[in-house]
Each structure stands twice: as C-alpha cells, then as structure tokens.
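**Q** With the input below, show me the fold.
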Amino acid sequence: MSQLDFFIQNIQGVLFIENFAFRNKLGIASKINEAVNNLFDGDPTMLDLPPEAPLEIPRIQLKDSKPIYSLNFCANRIDFFYNNPGKPEKKLSDLKDEYLNYFFKIVALVKQEYHLSTPRVAVVLKALSNIEMGANLFLQEKFLGNAQFFKETHALEIHALEKKRMREFDINQWFRIKTARSPMGGDDILFVETDINTQPETPRDFGKEEILEFCVSSIEFAKESFLNCFGVPL
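**A** Reported below is the predicted structural model:
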C-alpha cells in the first residue's frame with residue numbers, strides 16, 4: 001500500500017455570530033487589519049446590501065496580495081482562511097502556529113472590541129496526498145475490500161459523521177475522503193477534509209479563551225483522526 005504524505009490545502013476557522021449590523025465597514029476592516037499587523041494588504045471588498053439580503057453573503061472581504069490569507073465577514077459568521085489551491089507543499093506543523101496566531105487576534109477583536117455573541121465555532125482542515133497506485137484503488141483496498149461494484153469507479157467519496165465529546169466541547173466531526181484526477185489524467189490524488197464544529201443543539205456564548213482552546217484542541221483532534229484513519233499523522 002502506498003505511503004501517504006498529507007499536505008495542507010486549506011484551513012478555515014469559523015466564528016458563528018449573532019446578526020451583526022455593519023455601520024462602518026471601512027472602520028471595521030481597518031481594525032481587523034490592524035489587529036493582524038496589516039496582513040490583508042490586498043484590495044478590500046465591501047458590499048452595501050439591503051437588509052433582506054441573505055446573512056451568509058459577505059459584507060466585508062479582506063485578503064493578502066498573494067492571496068493566501070483571506071477573511072469573509074458576514075452578518076452571521078466570520079470565516080478566516082489559509083488557502084493554497086495550487087500544489088500544496090506545506091505540512092500542518094509548518095502552518096498551524098502562524099495561522100492560529102492570526103486567528104486568535106481576530107477572535108480577541110471580535111470578543112473584546114465588538115462583544116459579539118459566539119454561539120458556535122468550527123475548524124475545517126483540507127489536505128491532499130498523491131498516491132502512485134491510484135486513489136480509487138487505495139480506497140478500495142483500505143475501506144471497501146473486494147466489493148466488485150467499486151472496481152471500475154471513476155471517483156470515490158466516503159463521508160462519515162461522528163458526534164462526540166472533545167474535552168469540554170460537544171462536537172460534530174465530518175470526515176470526508178474523496179479521490180480526484182491529476183492534470184495528467186491519473187486518479188492519483190486523495191483529498192481529505194475534517195470539519196469539527198460545536199453542535200448547534202447546545203448553543204452557548206463561547207468566550208475568548210474557550211474559542212482558543214477549541215481551536216487548539218481541534219487541530220490536535222484532526223491530527224489524531226488522520227492517524228487513526230490512515231496510520232499517518234496530518
């Protein structure tokens with residue numbers, strides 16, 4: 001069986017917030033950028049939307065000039081992204097400290113400056129690995145056994161949802177595995193996503209320290225999940 005070596009494609013930290021009124025978008029964007037030491041040096045996008053517009057549409061979008069880091073500020077959530085859509089070459093250990101440092105500064109601003117209620121939190125990690133033997137064959141051998149139905153598949157996906165306790169947090173964890181084809185045409189790419197989020201059935205107003213603990217715990221929990229599933233760390 002091929003040796004797996006996972007590289008990070010995307011990290012997404014999510015703060016679910018109560019309906020937020022954007023009275024000074026430029027001022028908000030300036031404060032966010034100041035909090036992260038002017039990380040977002042690209043052109044900002046600010047949308048003036050009618051009150052009935054869907055809450056999920058970003059009112060403020062910030063990004064760096066590369067762009068690798070970006071932030072979407074919606075009326076009901078804040079998403080902070082690390083994104084490498086090309087050929088990722090960095091491991092989680094290379095990225096997590098820098099990413100979390102920026103995200104924690106955003107969390108501190110949200111909780112201390114704007115006093116936003118945060119009923120839910122999430123961390124999503126997306127990673128990929130190249131598999132010479134073929135990603136479909138790898139999934140068949142590891143998870144599906146000798147089932148003939150899957151032998152000639154063009155692509156495969158496996159989704160699993162766990163509801164469990166992570167320290168003091170009741171969480172959902174979606175673990176999604178899917179195959180993809182490289183530009184050369186081979187089915188040699190394995191995508192894996194772990195989405196860890198606090199359960200909506202038990203909302204509460206998470207404080208700054210609780211959010212920080214959740215994020216650090218989620219990173220460790222994701223690493224453990226990869227180890228348990230594939231026998232290699234993330």
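
**Q** Surely Thr198 is in contact with Glu168?
**A** No. Counting by C-beta atoms under 8 Å, Thr198 stays clear of Glu168, with 10.6 Å between them. All C-beta atoms are positioned from the backbone trio N, CA, C, and that covers glycine.

**Q** out of the two, which sits in the busier spot?
**A** Remark: of Thr198 and Glu168, Thr198 carries more neighbours, 24 against 9, as counted by other C-beta atoms under 10 Å.

**Q** Name the nearest residue to the more buried one, sequence neighbours excluded.
**A** Counting by C-beta to C-beta, 6 or more residues apart in numbering, Thr198 lies nearest to Arg120, which is 4.9 Å off, once chain neighbours are set aside.

**Q** How many residues are close by that neighbour?
**A** The number of residues packed near Arg120 is 17, by other C-beta under 10 Å.

**Q** dump the residue contacts of it.
**A** Contacts for Arg120 (C-beta atoms under 8 Å, 6 or more residues apart in numbering) come out as Val14, Phe16, Asn197, Thr198, Pro200, Pro203, Phe206.

**Q** swap in Ser70?
**A** Contact analysis of Ser70 by C-beta under 8 Å, 6+ apart lists Phe40, Gln61, Leu62, Lys63, Asp64, Phe80, Phe81, Asn83.

**Q** roughly how far is the biggest helix by length in the chain from the heart of the chain?
**A** For the chain, the helix that runs over the most residues, judged by DSSP state H, is helix 208-230. Centroid separation for helix 208-230 versus its chain: 12 Å, with C-alpha atoms, centre = their mean, to the nearest Å.

**Q** list the buried ones in that helix?
**A** Across helix 208-230, burial judged by 16 or more other C-beta atoms under 10 Å covers 210-212, 214-215, 217-219, 221-223, 225-226, 229-230.
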